[in-house]
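*Asks:* Structure for this input, please:
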Amino acid sequence: MAHKMNLNPEPFAMIRSGQKTIELRLNDEKRKRIQVGDIIEFTQSETGEKLITKVVAIHRFDSFAELYRELPLLKCGYNEADISTAKPEDMDLYYTPEQQAKYGVLGIEIKIIGA
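*Replies:* Numbering: from 1, shown residues only. Below you'll find the model as predicted:
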């Protein structure tokens, strides 16, 4: 397995259902190695259920503000109601502004293998 990532139940379910095809992450040292064609195993943090996906595209940005302007947020796991209130500061829950400035951010476009 090229890469392993844990997800909370809601984003995991959205990937499994095909609603979410782009995973937003910090472009830190671990993720700088991700390339198109790599396999990512996602594990649902509470149940341990696994999904095997293939990276089909990687979108790199300097900030979440840039990412939010460029990527279709519906593919990132937002629903129509969320999109009107979505803002880059949402990611501050997961990554500090200092981390974002240091590493930049990724939109990892994935496809479930076998789907």
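
*Asks:* how about the nearest residue to E80, chain neighbours excluded?
*Replies:* Computed as Cβ to Cβ, 6 or more residues apart in numbering, the closest residue to E80 that is not its neighbour in sequence is L74, at 7.6 Å. Placement of C-beta: from N, CA and C, glycine included.

*Asks:* can you pull the contacts of that neighbour?
*Replies:* Residues in contact with L74 (Cβ atoms under 8 Å, 6 or more residues apart in numbering) are Q19, E80, I83.

*Asks:* Can you name the element that comes right after the lowest-mean-pLDDT helix or strand in the chain?
*Replies:* Counting by mean pLDDT, DSSP states H and E, the chain has its least confident helix or strand at helix 80-85, which shows a mean of 88. Using DSSP states H and E, the helix or strand that follows helix 80-85 in sequence is helix 97-103.

*Asks:* which helices and strands sit right next to the helix or strand that that following helix is followed by?
*Replies:* Downstream of helix 97-103, the next assigned helix or strand under DSSP H and E is strand 105-112. If contacts are counted by 3 or more Cβ pairs under 8 Å, 6 or more residues apart in numbering; DSSP states H and E, strand 105-112 sits against helix 9-17, strand 22-26, strand 50-61, helix 64-70.

*Asks:* So what sits opposite the most centrally placed residue in the chain in the bridge?
*Replies:* Nearest to the mean C-alpha position of the chain, by Cα atoms, centre = their mean, lies E23 at 1.4 Å. For E23, the beta-bridge partners are I108 (DSSP bridges).

*Asks:* do you know how far it is from L7?
*Replies:* From E23 over to L7 the distance is 8 Å, taken as Cβ to Cβ, to the nearest Å.

*Asks:* quick one: average confidence on stretch 38-57?
*Replies:* Stretch 38-57 shows an average pLDDT of 96 in the prediction.

*Asks:* Cool, thanks, signing off.
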